[in-house]
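Novice: I need the structure of the sequence given here:
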Amino acid sequence: MRSVFFAAALGCLAACTSLPAAAAEPMDIHSIRYDAQASVGSHALTLNGAGLRKKLFFKVYAAGLYVPQTSNDSSALMAQPGAARVRLGLLRDVSGASFISALDDGLKANLSESTARDIAAELEALRTLLRNIGDVKTGDLVDFDFVPETGTVVLLNGNPVGEPIGGGRTLYNAVLAIWLGPKAIDESLKAGMLGGK
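Specialist: Sure, this is the predicted structure:
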């Protein structure tokens, strides 16, 4: 009887360490509203979590993550094959050069040299899209979407910037790693996007 109890307890412990994030509710990160649900193409997604990116004393942007299946485990989220969205809501004006530089630093910090070589063309296409956005203003929304049928899509205030970038999930996971990778750009923001407080 005791062994059955311990087996059940261990099973519960294993399950508890991989619990999904709490059921989604709308969130406000300063002036940026994150609805509980979002649509990417024909795919319905759920808000996994959202948080604040700060640099020194400045609030730079809010970021929210939408996925098919919520989780508080970054590896599990990046392993999901379906659609996804990271929505950035700007809380201050940022020059195009600074915006690209910050995202590029996050990409380089989390990409292996071999993966960077394998997706070099896709990374350059992404940089081109970001250059096309130019300066971003307070209140702008920048979406990084993954649409399984077409690839990675960047939108500014709901409007696509350029064409989708093909090449599958590898590029999009490189983008996700900016915020969810082992060397995430902001650990507090990462915790928020993983459903933490």
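Novice: Show the contacting residues for Pro160.
Specialist: 153-154 (C-beta atoms under 8 Å, 6 or more residues apart in numbering). Placement of C-beta: from N, CA and C, glycine included.
Novice: mind pulling up the phi and psi values for it?
Specialist: Main-chain dihedrals, Pro160, degrees, to the nearest 10: phi -60, psi 140.
Novice: distance of it from Leu126?
Specialist: 14 Å (C-beta to C-beta, to the nearest Å).
Novice: Check what pLDDT Ala21 gets.
Specialist: Here the pLDDT value assigned to Ala21 is 43.
Novice: Give the full set of residues in contact with the residue nearest the centre of the chain.
Specialist: Nearest residue to the geometric centre of the chain (C-alpha atoms, centre = their mean): Val86, 4.0 Å. Val86 makes contact with 63-66, 143-144, 175-176, 179, 193, according to C-beta under 8 Å, 6+ apart.
Novice: Next: Gly64.
Specialist: Gly64 neighbours (C-beta under 8 Å, 6+ apart): 27, 29, 32, 34, 47-50, 86-87, 89, 193.
Novice: again, 7 Å this time
Specialist: 34, 47, 50, 87 (C-beta atoms under 7 Å, 6 or more residues apart in numbering).
Novice: Next up, identify which helix or strand the residue lying closest to Thr128 once chain neighbours are set aside is on.
Specialist: Nearest residue to Thr128 in three dimensions, chain neighbours excluded: Gly162, at 7.1 Å (C-beta to C-beta, 6 or more residues apart in numbering). Assigning secondary structure by DSSP states H and E places Gly162 outside every helix and strand.
Novice: CA atoms only for stretch 94-101 - export them in CSV, please.
Specialist: Output in CSV follows, covering the C-alpha atoms of stretch 94-101 (Å, rounded to 0.1, in the frame of the first residue of the first chain):
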residue,chain,number,x,y,z
VAL,A,94,13.1,53.3,-31.1
SER,A,95,15.3,53.9,-34.2
GLY,A,96,15.3,51.2,-36.9
ALA,A,97,19.0,50.7,-36.4
SER,A,98,18.6,50.2,-32.6
PHE,A,99,15.7,47.9,-33.1
ILE,A,100,17.6,45.7,-35.6
SER,A,101,20.7,45.7,-33.5
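Novice: All set, thanks.
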